[in-house]
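Asker: Here is a sequence with its predicted model. Questions after.
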Amino acid sequence: MTYHHTRHVSGWVGWIWFAGMLMIIAGVFNIIGGLYAVINDDVYVRTPLRLLFFDVSTWGWLHLIFGVVLLATGLAVSVGQTWARVVAAILVMLNAMTQLTWIGVNPWWSLAVIAVDVLVLYALIVHGREARQLDT
């Protein structure tokens, strides 16, 4: 006799995969931007009205490393790894906070990104376990 246990999986699992795919895309963009900044550090313009904490090469290396972390975490989130959900939630929160620094430059874009970050956080934190259940 075989017993099958049914598991309730909501549509929020799609948001988990969406979060993973967004992280993969953001990771690739950060890797490209970071490499570009390291190779061509004269492309970025510094103005006296803006404060740049690092030189452009350092900024490029940070984006490159962050991109690799995002890419790896996004892949792990997509397959339902619990550790990746925790790391992803931290990264998404950091992204939402950094968007606040850009809100004066691109207010609509920053608000849109923050809104998506909130949805992704909700999916990761509240419904993240459902993505893991699909693998078992």
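Answerer: Sure, I can see it. On a predicted model such as this, the values are computed, not experimentally measured, just so you know.
Asker: for the chain, what spans make up the helices?
Answerer: Remark: helices assigned in the chain by DSSP state H are 12-39, 56-78, 82-102, 107-135.
Asker: list the helices and strands the last one packs on?
Answerer: Taking 3 or more Cβ pairs under 8 Å, 6 or more residues apart in numbering; DSSP states H and E as the contact definition, the neighbouring helices and strands of helix 107-135 are helix 12-39, helix 82-102. Any C-beta I mention is one placed from the backbone N, CA and C, and that applies to glycine too.
Asker: how about CSV for the ones you listed, with distance to residue 68 and mean pLDDT added?
Answerer: Output for the helices and strands packed on helix 107-135, formatted as CSV (distance: least, Cβ to Cβ, whole Å; pLDDT from 0 to 100):
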stretch, distance to residue 68, mean pLDDT
helix 12-39, 7, 85
helix 82-102, 12, 89
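Asker: Format those helices as JSON lines; extra columns: mean neighbour count and distance to residue 117.
Answerer: Formatted as JSON lines, those follow (neighbours: other Cβ atoms under 10 Å; distance: least, Cβ to Cβ, whole Å):
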{"stretch": "helix 12-39", "mean neighbour count": "18", "distance to residue 117": "9"}
{"stretch": "helix 82-102", "mean neighbour count": "16", "distance to residue 117": "4"}
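Asker: Let me know which of the ones you listed is the nearest to residue 64.
Answerer: The closest of the helices and strands packed on helix 107-135 to residue 64 is helix 12-39. By Cβ to Cβ, the value is 3.1 Å.
Asker: Now do the closest one and helix 82-102, the angle between them.
Answerer: Interaxial angle of helix 12-39 relative to helix 82-102 (axes from the mean of the first three to the mean of the last three Cα atoms, to 10 degrees): 60 degrees.
Asker: For helix 12-39, name the packing helices and strands.
Answerer: In terms of contacts (3+ Cβ pairs under 8 Å, 6+ apart), helix 12-39 is packed against helix 56-78, helix 82-102, helix 107-135.
Asker: where does the residue nearest to the spatial centre of the chain sit relative to residue 60, distance-wise?
Answerer: Against the mean C-alpha coordinate of the chain, by Cα atoms, centre = their mean, the closest residue is residue 23 at 3.9 Å. Residue 23 sits 20 Å away from residue 60, going by Cβ to Cβ, to the nearest Å.
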